Structure formats: C-alpha cells, structure tokens
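Asks: Whatever this is, show me its structure:
(2 chains)
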Protein chains: 2
Amino acid sequence: MFKQITIIGFGLIGSSVARAVIEHKQAESIVCVDTDEEICNKVLAMGLADDATTDPSLGVAGSDLVILCCPVGAMEHVASRIAGHLENGCIVSDVGSVKGSVIKVLQPRLPSYVHLVPAHPISGAEKTGPESGFAELFNNRWCILTPLPHTELSALEKVTKLWESFGSMVEIMDPEHHDLILGLTSHLPHLIAYSVVGTATNLEDDIKSEVIKFSAGGFRDFTRLASSDPVMWRDVFLNNKDAVLEVLQRFTEDLTSLQKAIRKGDGEYLYQQFSDTREIRPAIVDAGQADYLDPES
Amino acid sequence: MFKQITIIGFGLIGSSVARAVIEHKQAESIVCVDTDEEICNKVLAMGLADDATTDPSLGVAGSDLVILCCPVGAMEHVASRIAGHLENGCIVSDVGSVKGSVIKVLQPRLPSYVHLVPAHPISGAEKTGPESGFAELFNNRWCILTPLPHTELSALEKVTKLWESFGSMVEIMDPEHHDLILGLTSHLPHLIAYSVVGTATNLEDDIKSEVIKFSAGGFRDFTRLASSDPVMWRDVFLNNKDAVLEVLQRFTEDLTSLQKAIRKGDGEYLYQQFSDTREIRPAIVDAGQADYLDPES
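Replies: Numbers count the residues shown, from 1 in each chain, chains lettered A, B, ... in the order given. Below you'll find the predicted structure:
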C-alpha cells in the first residue's frame, strides 16, 4: 500500500508498527530512524527495516508515510529536523498518547504540501525497546485518529486502512476530546499508580520487602502500570497538563469524600459508593477491552 | 484432620474453603451457616455441606473448628451468638481482611476454653456468592495467621496445616503489622480504584460511554478492583480506619508532589519519580505473586 514508510523512534511501539507493516505487507520498504545507533544496528540485524539512520532528515527522503513513534516531548525537535526533507504529498502521522499538544507542535512546522494525520493506538506493554515489540500488539485494539479540519480525506483513508490492516478498530475524534477521555482512562490511572508505588518505594526497607511479598492484593496491578516507560509518561503529563489536572481535581474531590466517610465511620456512604462503581464493570467486560498492558510478564 | 468444620458465611470465600476442605479431605463433615436460607439450600444442593442452618448457635454445636467467613462488620454479632454454644477446645478462626479490630471483637466474647486463631487468606475474585467459589482459590497464595500471645501452639499448628493442605503458604504476623501492610497493598489500592471509577461514574453519560469504550488504558484494571463486594469493603475501611488513613495520607502527599510537578512543568522530577517506581516491579514478578483478583472474567 505504501512505497516506503519511515518510522522515527524504534522502541516498543515503533518496532511493533514495523513488524505489523511487514506482517501485513503494507509497504515495499521500511526506513528506521533512531537517535541510538546501537538500536539502528539491532533493527537492521533483526530485519525490521531495510535501511536505518540516526539522522531524521535523511531517513524521511523518498517516503510517502512517516510515522513519529518517539516520545511526545521529542516531536517538536523531530518535526523541525524533517520539515524541509519531506516529499510532496507525504503523509505524516504519529502514535503519541496526547493529541492536542502534538498537533500544536507539528502543524506549524510541517510544510503545507504534506498531510498530517495524528494517531493514537491504544495499546502498549510494560516492556520497552525494539526487541519487545510484536506484530499483534494492535490487533483488536482501538486506534484513535484526530485529523485536522483541512486534512485531506484520501490521507485519512490511507492511515485508517493501515491501522485496520493491523487488526485495529479505528475511531475518529476531536483532539481535545481525545485528551480528556484518555486523561481519565489512561493518564490518571498511571499517575495514581506511580504515586502509590512511589509511596511504597519510600517505605522503610523491612516494610518494603513485605509489601513486595504480599503484593497480590491490588498493589501488583499498580506496579505493572508504574513500570511503564518513564520518558514517555513524563512527556504525557507535561503535554496533557490541563486535562490531567482537571481529572485529577475531580478524583481528589471524590477521594476526599471517601476519606471523610472513613474518618466519620459513615458506612452507608461507603456502601452506596462501592455499589455504584460496580455497575460500570459489566459494560467494560462486554466492550471486550483487553488490558492495555497485556501481555502480562 | 477435623471432625466437623462449621463455616459461617457461605460467600465466595466460605464456599471456597468448603470446596478445599472436601477436595483435601480435611474434615469428616461440614456445617454451613448463612443468614440467607436460600443460600443454605443452595449449598446443600451443591453438596458443599452436610448440614445447613441460618442459626449460628445451632451450627457450631459439635464442631472442633469454626471458621468465620462473614463480612468483618458481622463478626461481633456472630461471636455473641456462638459464644455459649462452642465445644470445649474448639478452634475459632476467620478469614477477615482486617485483623486488629476482628481480634478486638472476638477475643472478649469467646470463652477461655476455645482457641482463637485469626487468619487472612490473601486471595479473592471479583465474583461473589457460593456458586463462584472454587477449591484452588488458595493454592499458591499467602495465608497470614495472627495468633495472640496466649494462643496454644497445637491450635496454631492445626490451622497452619489446614491452609497448607489447600496449597497456601502460611506466614505468622503481628495483627497491627498485618493491618498496615495490607492497608498499603490491598486496602489503599481498592479505595483509590473505587474513587477513580466513582469519578467516571459521575461523568456525563456521553463521556461515560467513551470511557467504557476506551477503558483499556489502565482504567479497566481499576474497574476490576472496584467491582469487589461492597459490604466486605465497607467493613474493611470501617475496621482498618487508622492504617488506611495513615497510608492514604502518605499517598496524598506523594500525589500532591506529582500534581505540583505537572503544574510547574517539572519534567526532571517526574522522570526521577517514574524511574524510581520501576525498580520495585521485577522483585514482585520474582516473588511470583499472582493477581489478587484472578481469575479474570
């Protein structure tokens, strides 16, 4: 479907995109761009790309699709480096977990003769690096596209078909709306998990070893979220600040109410809250949404 | 090993204890006590007990082991009901998630000629009711015993052997210490999960439906915790108030630091925190602690 796809940033997601492109024969060739020369060599050795370079401006030459799989915080720099070297009519996409701020840095830097189609595949795993990727990572998962008002329909369709070929279900959304929804379903849970695990990390050593030993009570789920890539998540929180602070505020209010009820011994309030939250679960099981961080290690 | 075991409260845990007792031939007979007559009939029909009654004072007659599997908040009432009807030398145990407050209500109510051996098997599932139980629930999981200073060693040994026959790893612990550790590894994560899911439940309907749709980003893990039994968890928080409020306070401080860093755009702080929390995960994977709420539905 594509002549040449350049993937910039060959971590878990980038390498999984490459594997899926190969598996589903979506491009004649793949170019790897990564700041780390060792990763470039590894990617070539693994046969995940036909060419590899640490220079993004060289890497995008001749490509009709460029996918930015680098951390959200690196997108501005990458956009500036590739802008003058993109082919006429080239599609530029990404896989960033935040869409508003990514569009804000990409759009003004890219020339008007390329098509920007921002994307966010809702899938991941706790492992990082090109050796952790796998072609099935996007299968049966959502991929949200947040096109701009002037995005050409043909470019949107091509990106849609690419993700559908990976087995993803594609949804079109407004970027601000995406950032609010994901702020709640993904960014807030990660922030809280980082915080709970951080609390445990700061404990005295003897208690910490027992927390590890008896971690099955819910804490273990949190450590899984809290072992995600720190650079990626730093960038998510810096770039989705408004939505995250907004949902965090709502969460803190709700937690304070529960805290107050515990302090006052208000069993009726606790029972009511714990009953209400139960109702959302069957809908989620019905929706068949597998865990973000599958496969479990 | 036991002549007759009475299980009071035939929900997920109680019925799983019964199944494990049968599977591993740990008693000649089992008596079911449950306030719900329908459950009593169901339990008899399923062959999980030889006798069943809604009256705890009748149910404990002739038993050499009584296990309280009712919610923590019901223990005081049950203890008062059974106290005068327990056999001389009978062992009384429980499966409550909180140990300090359970001991506080059980100990003064039980006659001195019975042996109190409080227990907490760290295992569960999101389903409730006697039909959801299974004999393997305790296999390869920890069971924490919190004996009192005067608990007879022979009684402690018998309860230890019972749980070991179920495949559990038994650990002896001080009740207050148990409540602090579990406050962090189990009670706090559940409280937070209830809170996050509560926040989502209070959203406008259109956003809520999208939260369900795109729940794979971490939120889904939280809904699993937040669909646990509301009565059980109400009682946990009411009865482990001090430890929960203590770890909640530490958590809130840590979360506030992260919030402040996001607001100020302090990427260095975020990166450092997210890197530190990563270190605890491999230790937990090594410890082989399966999820509390397995099996996934």
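Asks: going forward, measure contacts between C-alpha atoms and count neighbours the same way
Replies: OK.
Asks: can you confirm A:S112 is in a strand?
Replies: No. Per DSSP: H, G, I helix; E, B strand; the rest coil, A:S112 lies outside any strand segment and is coil.
Asks: now it: how far from chain B?
Replies: 31 Å (CA to the nearest CA, to the nearest Å).
Asks: Look at that residue and say how many residues are nearby.
Replies: 11 (other CA atoms under 10 Å in any protein chain shown).
Asks: got it, and the one 10 residues further on?
Replies: Using other CA under 10 Å, the number of residues around A:I122 comes to 23.
Asks: can you pull the contacts of it?
Replies: Applying CA atoms under 8 Å, 6 or more residues apart in numbering or on different chains to A:I122 gives the contacts A:138, A:141-144, A:292, B:214, B:216-217.
Asks: Which residue lies nearest the spatial centre of chain A?
Replies: Taking CA atoms, centre = their mean, the centroid of chain A lies closest to A:S97, which sits 4.0 Å from it.
Asks: Tell me how far that one lies from A:V72.
Replies: Counting by CA to CA, to the nearest Å, the gap from A:S97 to A:V72 is 8 Å.
Asks: Now do the shared contacts for the two.
Replies: Joint contacts of A:S97 and A:V72 (CA under 8 Å, 6+ apart) are A:V236.
Asks: Write out the residues of the stretch 51-200 of chain A neighbouring chain B.
Replies: Counting by CA under 8 Å from any CA of the partner chain, the residues of the stretch 51-200 of chain A close to chain B are A:122-123, A:142, A:181-182, A:184-187, A:189-192, A:194-200.
Asks: Run through the stretch 1-150 of chain A and note the low-pLDDT ranges.
Replies: Scanning the stretch 1-150 of chain A with the threshold set as pLDDT under 70 gives A:125-126.
Asks: And the residue of it that's closest to chain B?
Replies: Going by CA to the nearest CA, chain B is nearest to A:I122 of the stretch 1-150 of chain A, at 6.8 Å.
Asks: Need phi/psi at that residue.
Replies: The phi/psi pair for A:I122 (degrees, to the nearest 10) reads phi -90, psi 80.
Asks: separation between it and A:I181?
Replies: Distance of A:I122 to A:I181, given as CA to CA: 12 Å.
Asks: Next: A:I5.
Replies: 30 Å.
Asks: Comparing those two, which residue is more hemmed in?
Replies: More neighbours surround A:I5 than the other of A:I5 and A:I181, with 27 against 22 (other CA under 10 Å).
Asks: just to confirm, which helix or strand has that one in it?
Replies: strand A:2-8 (DSSP states H and E).
Asks: Partner strands of that strand, with direction?
Replies: Strand pairing for strand A:2-8, using DSSP bridges, gives strand A:27-33 (parallel), strand A:65-68 (parallel).
Asks: Please work out how many residues are found near the nearest residue to A:H178 once chain neighbours are set aside.
Replies: Closest residue in space to A:H178, ignoring its immediate chain neighbours: A:K99 at 7.1 Å, by CA to CA, 6 or more residues apart in numbering or on different chains. Using other CA under 10 Å, A:K99 is surrounded by 28 other residues.
Asks: who touches the residue nearest to the centre of chain A in this structure?
Replies: Each residue near A:S97 by CA under 8 Å, 6+ apart is listed here: A:72, A:120, A:182, A:236.
Asks: Take the strands paired with strand A:2-8 and write them to TSV, including distance to B:D205 and mean neighbour count.
Replies: What follows is these, written out as TSV (distance: least, CA to CA, whole Å; neighbours: other CA atoms under 10 Å in any protein chain shown):
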stretch	distance to B:D205	mean neighbour count
strand A:27-33	41	23
strand A:65-68	34	24
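Asks: would you turn those strands into a markdown table with distance to A:V231?
Replies: Shown next, in a markdown table, are the strands paired with strand A:2-8 (distance: least, CA to CA, whole Å):
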| stretch | distance to A:V231 |
| --- | --- |
| strand A:27-33 | 18 |
| strand A:65-68 | 15 |
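Asks: ok, and for stretch A:78-86, which residues are buried?
Replies: Using 16 or more other CA atoms under 10 Å in any protein chain shown as the test for burial, stretch A:78-86 gives A:78-83, A:85-86.
Asks: Which one of those is nearest to A:M232?
Replies: A:V78 (15.3 Å; CA to CA).
Asks: So what's the residue count around A:V236?
Replies: Neighbourhood size, A:V236 [other CA under 10 Å]: 23.
Asks: how much space between it and chain B?
Replies: Separation of A:V236 from chain B (CA to the nearest CA): 10 Å.
Asks: My guess is that residue contacts A:G100. True?
Replies: No. Using CA atoms under 8 Å as the test, A:V236 is too far from A:G100 to be in contact (11.1 Å).
Asks: What score does A:E296 have for pLDDT?
Replies: Confidence at A:E296, expressed as pLDDT, is 32.
Asks: A:A79 against A:P108, yeah?
Replies: No. With contact defined as CA under 8 Å, A:A79 does not count as touching A:P108 (9.4 Å).
Asks: What residues of the helix ranked longest in chain A count as buried?
Replies: Ordering each helix of chain A by length in residues (DSSP state H) puts helix A:241-264 first. Counting neighbours by 16+ other CA under 10 Å, one finds that the buried residues in helix A:241-264 are A:241-245, A:247-248, A:250-252, A:254-255, A:258-259, A:261-262.
Asks: Quickly check: it near chain B or not.
Replies: Yes. Under the criterion of CA under 8 Å from any CA, helix A:241-264 makes contact with chain B via A:241, A:245, A:250-251, A:254-255, A:258-259, A:262-263.
Asks: mind checking how far A:K241 is from A:D94?
Replies: According to CA to CA, A:K241 stands 20 Å off from A:D94.
Asks: can you check A:D206 too?
Replies: In this structure, A:D206 and A:D94 are 44 Å apart, going by CA to CA.
Asks: again, but for A:T160
Replies: Per CA to CA, A:T160 is found 13 Å from A:D94.
Asks: Neighbour count: these two, which is higher?
Replies: Between A:T160 and A:D94, counted using other CA under 10 Å, A:D94 has the larger neighbour count: 27 against 21.
Asks: residue contacts, A:E176?
Replies: With contact set as CA under 8 Å, 6+ apart, A:E176 has these partners: A:99-100.
Asks: mind redoing it with 6 Å?
Replies: A:G100 (CA atoms under 6 Å, 6 or more residues apart in numbering or on different chains).
Asks: swap in the one 10 residues further on?
Replies: Applying CA under 6 Å, 6+ apart, we find A:S186 in contact with B:217-218.
Asks: ok, 10 Å please
Replies: A:97, A:122, A:179-180, A:225, A:244, A:292, B:211, B:214-220 (CA atoms under 10 Å, 6 or more residues apart in numbering or on different chains).
Asks: Between those, which sits nearest B:I30?
Replies: B:R220 (38.1 Å).
Asks: Could you tell me which of the residues of the stretch 51-200 of chain A next to chain B belong to helices?
Replies: Those of those mapping onto helices are A:181-182, A:189-192, A:194-200, per DSSP H.
Asks: ok, the nearest residue to A:G217 once chain neighbours are set aside to B:V98 distance?
Replies: Excluding its sequence neighbours, the residue lying closest to A:G217 (CA to CA, 6+ apart) is B:S186, at 4.3 Å. Counting by CA to CA, the separation of B:S186 from B:V98 is 11 Å.
Asks: Equivalent analysis for A:P71, please.
Replies: 43 Å.
Asks: Check A:M1 too.
Replies: For A:M1, the distance to B:V98 (CA to CA) stands at 60 Å.
Asks: Which one's more surrounded, these two?
Replies: Under the criterion of other CA under 10 Å, the comparison of A:M1 against B:V98 puts B:V98 first, with 27 against 12.
Asks: Correct me if wrong: that one contacts B:V105.
Replies: No. Taking contacts as CA atoms under 10 Å, B:V98 lies outside contact range of B:V105: 11.7 Å.
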